[in-house]
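1. Build me a structure from this.
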Amino acid sequence: MIDQTTLWTVIVGLGIGSYALRFAFLGIVGDRPMPAWLLRHLRYTAVAILPALVAPQVVWPAATGGDPDMPRMAAAAVTLVVGLLTKNVLAAILSGAGTLFGLLWVMG
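-> Presented below is the predicted three-dimensional model:
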């Protein structure tokens, strides 16, 4: 069990850090043009968020006690391939979800 003081210290610290990061871009630099190299890198931020959120659930899924399993690995592979081939995020997500639920139903 986590101590209440530690929990709230982490929550407040993360909130302050998140605010400071946003303020650096919006408050300090918001009225000036950003360099082209920075804008190019910022475009990839959104693309990196979804895999960062999903990857731990594919490699160490809580549903299996942290052991990798075939349905989740196959769904991740299908999602990656469909995303690369179609360049369509929605098609990739739906195909991965269909693969995951289909394999879980068949193996289940």
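
2. domain parsing for this protein?
-> What automatic domain parsing lists as the domains of the chain is 1-32, 46-107.

3. so can I have a markdown table of these showing mean neighbour count and mean pLDDT?
-> Heads up, the C-betas are built off the backbone N, CA and C, glycines and all. As requested, the domains of the chain are exported to a markdown table (neighbours: other CB atoms under 10 Å; pLDDT from 0 to 100):
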| stretch | mean neighbour count | mean pLDDT |
| --- | --- | --- |
| domain 1-32 | 10 | 88 |
| domain 46-107 | 14 | 92 |
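
4. Distance to residue 39 added to the ones you listed, as CSV?
-> Formatted as CSV, the domains of the chain follow (distance: least, CB to CB, whole Å):
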stretch, distance to residue 39
domain 1-32, 11
domain 46-107, 13
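
5. out of those, nearest to residue 38?
-> Shortest distance between residue 38 and the domains of the chain, using CB to CB, is found for domain 1-32: 9.2 Å.

6. Now do the closest one: distance to the chain's middle.
-> Centre-to-centre, domain 1-32 and its host chain are 19 Å apart (CA atoms, centre = their mean, to the nearest Å).

7. Going forward, count from 18.
-> Sure thing, new numbering starts at 18, so read that last one as domain 18-49.

8. Distance from the chain centre to the helix or strand harbouring residue 110, please.
-> Using DSSP states H and E, residue 110 sits within helix 106-124. Helix 106-124 sits 17 Å away from the centroid of its parent chain (CA atoms, centre = their mean).

9. Tell me where the protein has helices.
-> 21-40, 53-60, 62-76, 87-103, 106-124 (DSSP state H).

10. wait, which of these is closest to residue 47?
-> Per CB to CB, nearest to residue 47 of the helices of the chain: helix 21-40, 9.2 Å.

11. Check what contacts that closest one and list those residues.
-> Applying CB atoms under 8 Å, 6 or more residues apart in numbering, the set of residues contacting helix 21-40 from outside is empty.
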